[in-house]
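1. coordinates only, sequence not included:
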Ligand code: ADE
């Protein structure tokens, strides 16, 4: 998969050198391009924002640098998906991550300030698949943290990125439920015991207990996820 990111903070994405995603890049499973939006300005101050038409607080990102940056990335690209993180977008879920993990090229456009001039979305919606995506009902200062969260969630679903694909199956949200509690050695710690069923060797009983724990936890913490 190819991932391009347009941002005014390119060094923010230096952390994609490390951990599982860093290894995936070294292995050639993920190719990353980070683009500085300010490289597509042509004034002395490298201006990317201006005051909103119609008045109001805050600044809006100007369309021209976005147009130049995205044209360069889209030129010759094969059917990419443009993802703009935005608190006004559709909510990102595990299902969204799965959909995007099946794509061959994702382009993330990180907005700052009060957002990006609407005409940028309108322009590219006519030329590519454009999605405005929110990572939750709260407001961040910009799209960078949201992009990182999405890339991590998407990246680990790409075959070869996570060592043991079995571990992807048993996680929270994959089956619509929250994950059951996990335990490792020692069997006793500070007076807390591991549930005896997990030491029983009875795989059927263990599976049933885990399922029951998942359902009970989901009902308690996230009843909205239950049918
Ligand atoms: N930018 C600001 N807030 C955001 C959010 N909740 N999700 C995605 N992008 C954002």
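-> Yep, it's here. Please read these numbers as outputs of a predicted model, since none were measured by experiment.
2. every contact and neighbour count from this point should use C-alpha atoms.
-> Noted.
3. wait, isn't residue 170 in contact with residue 178?
-> No: contact between residue 170 and residue 178 fails when scored by C-alpha atoms under 8 Å: they sit 9.5 Å apart.
4. the more surrounded of the two?
-> residue 178 (22 against 14; other C-alpha atoms under 10 Å).
5. which residues touch that one?
-> Remark: with contacts taken as C-alpha atoms under 8 Å, 6 or more residues apart in numbering, residue 178 is in contact with 171-172, 214-215, 217-218.
6. and it, that's in a strand?
-> No: under the criterion used here (DSSP: H, G, I helix; E, B strand; the rest coil), residue 178 is coil, not part of a strand.
7. ok so, going back, which of the contacts of residue 178 are buried?
-> Among those, those scoring as buried are 214-215, 217-218 (criterion: 16 or more other C-alpha atoms under 10 Å).
8. can I assume residue 120 is in contact with residue 60?
-> No: with contacts counted by C-alpha under 8 Å, residue 120 stays clear of residue 60, the gap being 11.7 Å.
9. neighbour count winner among those two?
-> In this view residue 120 and residue 60 are compared by other C-alpha under 10 Å, and residue 60 has more residues nearby, 20 against 17.
10. how far does the helix or strand bottoming out on mean pLDDT in the chain sit from the chain's center?
-> None of the helices or strands of the chain scores lower by mean pLDDT, DSSP states H and E than helix 166-169, at a mean of 79. Averaging C-alpha coordinates over helix 166-169 and over its chain gives two centres that are 18 Å apart (C-alpha atoms, centre = their mean, to the nearest Å).
11. what are the contacting residues of it?
-> By C-alpha under 8 Å, 6+ apart, the residues outside helix 166-169 that reach it are 157, 162, 174-175.
12. just stretch 188-198 next, same as before
-> When contacts are taken as C-alpha under 8 Å, 6+ apart, the neighbours of stretch 188-198 outside the stretch itself are 183, 187, 205-206, 209.
13. and it, what's buried?
-> By neighbour count on 16+ other C-alpha under 10 Å, the buried set for stretch 188-198 is 194, 198.
14. next, the distance between the ends of that stretch.
-> Using C-alpha to C-alpha, to the nearest Å, the end-to-end distance of stretch 188-198 comes to 13 Å.
15. the chain should start at 53 in everything you say after this.
-> From this message on, residue numbering opens at 53, which makes the last subject stretch 240-250.
16. now it, how far from the centre of its chain.
-> Here the centre of mass of C-alpha atoms in stretch 240-250, compared against the chain's by C-alpha atoms, centre = their mean, lies 36 Å away.
17. same question for that stretch, mean pLDDT?
-> Taken as a whole, stretch 240-250 has a mean pLDDT of 98.
18. quick check: residues of this protein near the ligand?
-> Counting by C-alpha under 6 Å from any ligand atom, the chain comes close to the ligand at 137-139, 185-195, 198.
19. many thanks, I have nothing further to ask.
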